[in-house]
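*Asks:* this one's sequence-less:
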């Protein structure tokens, strides 16, 4: 039996907040989050995780500033 899951789920949150705390534009926070999730995808493939589910947008975001 393997300790590697077949399915990994991730809820992305805090990209805007991360950028703000570092004095960076919001877009940079989203860019870094996007790059990180690509790394996670590669990590999953290398370890045999068959399914990766990423929840990256909430309907609450429709009401946020651009």
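*Replies:* Cool, the structure landed. Just so it is clear, the structure is predicted and the values come from calculations on it, not from any experiment.

*Asks:* what sits against the residue nearest the centre of the chain?
*Replies:* Relative to the mean C-alpha position of the chain, the nearest C-alpha, by CA atoms, centre = their mean, is the one of residue 12, at 4.2 Å. Residue 12 is in contact with 33, 37, 54-56, counting by CB atoms under 8 Å, 6 or more residues apart in numbering. In short, each C-beta sits where N, CA and C put it, glycine included.

*Asks:* okay, now the closest residue in space to residue 33 that isn't next to it in sequence: neighbour count?
*Replies:* For residue 33, ignoring the flanking residues on the chain, the nearest one in space by CB to CB, 6 or more residues apart in numbering is residue 15 at 4.0 Å. For residue 15, the neighbour count with other CB atoms under 10 Å is 19.

*Asks:* distance check, residue 15 against residue 30.
*Replies:* Shown here: residue 15 relative to residue 30, a distance of 5 Å by CB to CB, to the nearest Å.

*Asks:* same deal with residue 60?
*Replies:* 16 Å.

*Asks:* pick out whichever of these two has more residues nearby.
*Replies:* residue 30 (16 against 7).

*Asks:* confirm for me that the more buried one is in contact with residue 18.
*Replies:* No. Checked against CB atoms under 8 Å, the pair residue 30 and residue 18 is beyond contact range at 9.6 Å.

*Asks:* immediately after the longest helix seen in the chain, which helix or strand?
*Replies:* Identified as the longest helix of the chain according to DSSP state H is helix 26-47. Where DSSP states H and E defines the elements, the next helix or strand beyond helix 26-47 is strand 51-55.

*Asks:* who does that following strand touch, helix- and strand-wise?
*Replies:* With contacts taken as 3 or more CB pairs under 8 Å, 6 or more residues apart in numbering; DSSP states H and E, strand 51-55 sits against strand 7-11, helix 26-47.

*Asks:* what angle separates the shortest one from helix 26-47?
*Replies:* This means strand 7-11. Interaxial angle, strand 7-11 versus helix 26-47 (axes from the mean of the first three to the mean of the last three CA atoms, to 10 degrees): 170 degrees.

*Asks:* can you mark which positions in strand 7-11 are buried?
*Replies:* Across strand 7-11, burial judged by 16 or more other CB atoms under 10 Å covers residue 8.
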